[in-house]
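Undergrad: predicted model, plus sequence, below.
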There are 2 protein chains.
Amino acid sequence: MELVCTLCGRTDEAAPDARTCPHCGVEGILDVVYDYDQVRRELTHVSLAANPERSMWRYLPLLPVSPDTPRPNLRLGWTPLYRADRYARAIGLRNVYVKDDGQNPTASLKDRASAVGVVKAVEAGATTIACSSTGNAGSSLAGNATAAGLRSVIFVPERAPQGKLAQLLLFGATVVMVKGDYEDAFRLSAEAIDRWGWYNRNAALNPYLVEGKKTVSLEIAEQLGWKAPDWVAVSVGDGCTVAGVGKGFVELHKLGLIDRVPRVLGVQAEGCAPLYRAFKEGVERFVPEPEETLADSIAVGVPRNPVKALRAVRGSNGEMVTVTDDEILAAMRTLGRNAGVLAEPAAAASFAGLAKAAATGLIRPEEVVVGIVTGNGLKDVRSSLRAAGEPIHIGPDLSELERALAARA
Amino acid sequence: MELVCTLCGRTDEAAPDARTCPHCGVEGILDVVYDYDQVRRELTHVSLAANPERSMWRYLPLLPVSPDTPRPNLRLGWTPLYRADRYARAIGLRNVYVKDDGQNPTASLKDRASAVGVVKAVEAGATTIACSSTGNAGSSLAGNATAAGLRSVIFVPERAPQGKLAQLLLFGATVVMVKGDYEDAFRLSAEAIDRWGWYNRNAALNPYLVEGKKTVSLEIAEQLGWKAPDWVAVSVGDGCTVAGVGKGFVELHKLGLIDRVPRVLGVQAEGCAPLYRAFKEGVERFVPEPEETLADSIAVGVPRNPVKALRAVRGSNGEMVTVTDDEILAAMRTLGRNAGVLAEPAAAASFAGLAKAAATGLIRPEEVVVGIVTGNGLKDVRSSLRAAGEPIHIGPDLSELERALAARA
């Protein structure tokens, strides 16, 4: 296993606490590269079929952790993949699957990244792991850290929603609420990490976390019987998740486990789409944007992983689209009532993008498509309320009910 | 498969739409009895070890549904069982396991019951299934119904929390909000079910739902390698869940799959404990009580399944305890920070009961204990906030942080 800089291409040793490229600085995001000849011998259709492990750890040869390092005592990954025929029809397609990563231990795909972060922290000899986050990165870190016996310190800005604070505190994290905005919290976390030598869980700067995220793609391919879908739709914020999704398929292809790489459909919210615009202009540099969308988990005006993200989409011959908040809310309804799955707004965005791509003909009706639910709708009750329709409101009287039902029909 | 009345003992045919005993009326709750000689041949340690199905449906021979009936397209059951050593030490025990049923598709154990209800509705030829509920029964019914292609109608009182309403509506249920209290909603639902012939999902009156719930015990026993624990702790509201938990172990014992039945620790909230008091008085009749606890899922002043519930506890040589709301909030913290699992208040009650039973010596330190998390803490953010402690609140300044951390240490 080695680390390769995504900018200058130089290779470096994979130390557990490696961060960005020593030559390129903070923008020189590193990429983990394995000895694929070795992995090819260990990870085969046959060996996987015989593997009883039902979690993301079944792909250990393709993960940057030692098999002997203790791991968080939680069931991570191996989330269900549902064929969703009624949902497919609702958006004009025929073969749609829903990967419900909201069924991870702390209810988001970020658990996959945090779990790897926690294992690397143990390998680095750390007993405390830290990050700045108000969202799923923070709650998944707090949950995975305590389940591995590590302490966590989470820095949040003052505007952090109370519900998310509660989750962090209940997992026993030391929560530092910083008077100021997100950048203040981020800066203080960086200073504190330097000062106390805590392990740094930061999705872009830490090269290992994307490796956890890519396991969602490994599972999708395996759950489809090693037939790659035509498209995989995923929402895009700071770029780390789409980078992981893309890398997973590319590596499976390199290993001969699938015979082609699916096209990645990257979906951003119209109110905050710097990577979408860079994609459309054919560049790898983005222009920062305000964060005007209710899909908080992908409201990232200054994405920290643009290069990996854009290469993942382009390398797959993929596409990017944007969706409005109204389209996101509609997708929450369509998915819930047709597939029985609740998605938080950022997760519903990928399904709103699917619907748009189907409507414009970008995705053809017969193509096989997987949408990823990156977080559970229970995480954001306020948006769920906005997406929900109205109940029938009547007195306790059967004839009133009769009239109300007739009016609806 | 037959139905036996829990009061008069008469046996009846197991029609898909069977309800209570025709002789004893609404209090004559029916119990499903299988041809255990037949089941013993089909369900063995060996057959189960070879069964690749990782869901509650792996126990089909012991479930009241035909293998051919279509089921909800969701991953139901087979939730993780975690050994929780740090949590065990925190409450003075040595062998504690946490069964996280909050990782079911709609985030509660009720999914197991609703799934069976939906399958029985299909077997009864119904296309609509109904119930009155503001809680997990409603949301799990809505989710499972739509995932099986059925319509659902859920009756709720006006005071139903907005967040739970949203969940029902997003799953596409027809939600009837009844001007009045829970009894008004219940009564109108009964009339409407009669009027339109909808399938009735009501945990006590419908004899099949408990069968779904019992699968949590089957999984616990199997996940422990068919060694029954000494104790299983579960919170008690209307009595259906504890009845299911008890029945699961009794049947495993009858089938020779475990060599003894674990003692059931039934936990009620001090502010609403009619079954606890009946238990202590050695009777099967309870006195209705007000519902004064924040653990809404077990705030049931008039439990509908007292006989099965009390027999489950007594038949296992079990015990019942009550816990205060403060003890419930403390259990949410202790479990979260030591095991990385978020429990809603009603679920945390069973762990508060465990802690109390350990403190009083009812449970001895070396005994093997399983606590069941019946619902995810994300379901009740308000209580999570009450349970959570305080963050460190400082300016973006390292020396301030240094002082704050020192003050905490």
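TA: Good, I have the coordinates. Residues are numbered from 1 along each chain as shown, chains lettered A, B, ... in the order given.

Undergrad: count of neighbours near the residue nearest to residue A:181 when sequence neighbours are not counted?
TA: Of all residues beyond its chain neighbours, the one nearest residue A:181 is residue A:157 (5.2 Å), with distances taken as Cβ to Cβ, 6 or more residues apart in numbering or on different chains. Heads up, the C-betas are built off the backbone N, CA and C, glycines and all. Neighbourhood size, residue A:157 [other Cβ atoms under 10 Å in any protein chain shown]: 19.

Undergrad: beta partners of residue A:157?
TA: residue A:178 (DSSP bridges).

Undergrad: mean confidence for stretch A:243-251?
TA: The average pLDDT within stretch A:243-251 is 98.

Undergrad: what are the boundaries of the strands in chain A?
TA: A:2-5, A:11-13, A:30-33, A:81-83, A:95-100, A:128-132, A:151-157, A:174-178, A:199-200, A:231-235, A:263-269, A:319-323, A:368-373, A:392-394 (DSSP state E).

Undergrad: which of those is buried the deepest?
TA: Of those, the one with the most neighbours on average (mean count of other Cβ atoms under 10 Å in any protein chain shown) is strand A:231-235, at a mean of 30.

Undergrad: just put the strands of chain A in a markdown table and tack on mean pLDDT and distance to residue A:404.
TA: Listed next are the strands of chain A as a markdown table, based on pLDDT from 0 to 100; distance: least, Cβ to Cβ, whole Å:
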| stretch | mean pLDDT | distance to residue A:404 |
| --- | --- | --- |
| strand A:2-5 | 96 | 63 |
| strand A:11-13 | 92 | 67 |
| strand A:30-33 | 96 | 58 |
| strand A:81-83 | 98 | 32 |
| strand A:95-100 | 98 | 32 |
| strand A:128-132 | 95 | 49 |
| strand A:151-157 | 94 | 45 |
| strand A:174-178 | 95 | 46 |
| strand A:199-200 | 94 | 56 |
| strand A:231-235 | 98 | 37 |
| strand A:263-269 | 98 | 36 |
| strand A:319-323 | 98 | 33 |
| strand A:368-373 | 98 | 33 |
| strand A:392-394 | 95 | 5 |
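
Undergrad: save those as JSON lines, and put in distance to residue B:166 too.
TA: Below are the strands of chain A laid out as JSON lines (distance: least, Cβ to Cβ, whole Å):
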{"stretch": "strand A:2-5", "distance to residue B:166": "44"}
{"stretch": "strand A:11-13", "distance to residue B:166": "49"}
{"stretch": "strand A:30-33", "distance to residue B:166": "40"}
{"stretch": "strand A:81-83", "distance to residue B:166": "22"}
{"stretch": "strand A:95-100", "distance to residue B:166": "18"}
{"stretch": "strand A:128-132", "distance to residue B:166": "30"}
{"stretch": "strand A:151-157", "distance to residue B:166": "25"}
{"stretch": "strand A:174-178", "distance to residue B:166": "27"}
{"stretch": "strand A:199-200", "distance to residue B:166": "37"}
{"stretch": "strand A:231-235", "distance to residue B:166": "21"}
{"stretch": "strand A:263-269", "distance to residue B:166": "21"}
{"stretch": "strand A:319-323", "distance to residue B:166": "21"}
{"stretch": "strand A:368-373", "distance to residue B:166": "17"}
{"stretch": "strand A:392-394", "distance to residue B:166": "15"}
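
Undergrad: right, and those - which one's nearest residue B:34?
TA: strand A:81-83 (30.2 Å; Cβ to Cβ).

Undergrad: show me what that closest one is packed up against.
TA: strand A:95-100, helix A:209-223 (3 or more Cβ pairs under 8 Å, 6 or more residues apart in numbering or on different chains; DSSP states H and E).

Undergrad: please name whichever of those is nearest to residue A:25.
TA: Of all those, helix A:209-223 comes closest under Cβ to Cβ, at 18.9 Å.

Undergrad: name the residues that touch stretch A:181-194?
TA: A:130-132, A:134, A:153, A:155-159, A:176, A:178, A:198, A:200, B:396-398, B:401 (Cβ atoms under 8 Å, 6 or more residues apart in numbering or on different chains).

Undergrad: nearest spatial neighbour of the residue in the stretch 151-300 of chain A that chain B sits nearest to, skipping sequence neighbours?
TA: For the stretch 151-300 of chain A, the residue closest to chain B is residue A:172, as judged by Cβ to the nearest Cβ, at 2.7 Å. Nearest residue to residue A:172, sequence neighbours excluded (Cβ to Cβ, 6+ apart): residue B:337, at 2.7 Å.

Undergrad: number of nearby residues for that neighbour?
TA: 20.

Undergrad: show me what contacts it?
TA: A:146, A:170-172.

Undergrad: most neighbours, which of those residues?
TA: residue A:171 (32 neighbours).

Undergrad: quick check: closest non-adjacent residue to it.
TA: residue A:142 is the one closest to residue A:171 (Cβ to Cβ, 6+ apart), at 3.6 Å.

Undergrad: the one you found: how many residues sit nearby?
TA: 31.

Undergrad: just the pLDDT at it, thanks.
TA: 97.

Undergrad: which residue lies nearest the spatial centre of chain A?
TA: The C-alpha lying nearest the average C-alpha coordinate of chain A belongs to residue A:241 (Cα atoms, centre = their mean; 4.2 Å).

Undergrad: surely that residue touches residue A:234?
TA: Yes - counting by Cβ atoms under 8 Å, residue A:234 is a contact partner of residue A:241 at 6.1 Å.

Undergrad: residues shared between the contacts of those two?
TA: residue A:374.

Undergrad: before we move on, the earlier item: how about the contacts of residue B:337, which pair is most distant?
TA: It's A:146 and A:170 that sit farthest apart of these, by Cβ to Cβ, at 9.7 Å.

Undergrad: what touches both of these two?
TA: Both residue A:146 and residue A:170 are contacted by B:336-337, under the criterion Cβ under 8 Å, 6+ apart.

Undergrad: span of stretch A:161-179 from start to end?
TA: Separation of the first and last residues of stretch A:161-179 by Cα to Cα, to the nearest Å is 14 Å.

Undergrad: so where do the helices sit in the stretch 51-200 of chain A?
TA: For the stretch 51-200 of chain A, the helices defined by DSSP state H, counting those that start in this stretch cover A:85-90, A:110-123, A:136-147, A:162-170, A:182-196.

Undergrad: what about dumping the CA coordinates of the first one to CSV?
TA: What it means is helix A:85-90. Once non-C-alpha atoms are left out, helix A:85-90 reads as follows in CSV (Å, rounded to 0.1, in the frame of the first residue of the first chain):
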residue,chain,number,x,y,z
ASP,A,85,-39.9,-1.4,-9.2
ARG,A,86,-42.7,0.9,-8.1
TYR,A,87,-40.2,3.7,-7.5
ALA,A,88,-38.6,3.1,-10.9
ARG,A,89,-42.0,3.4,-12.7
ALA,A,90,-42.7,6.6,-10.8
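
Undergrad: what comes up buried for that helix?
TA: Across helix A:85-90, burial judged by 16 or more other Cβ atoms under 10 Å in any protein chain shown covers A:85-88, A:90.
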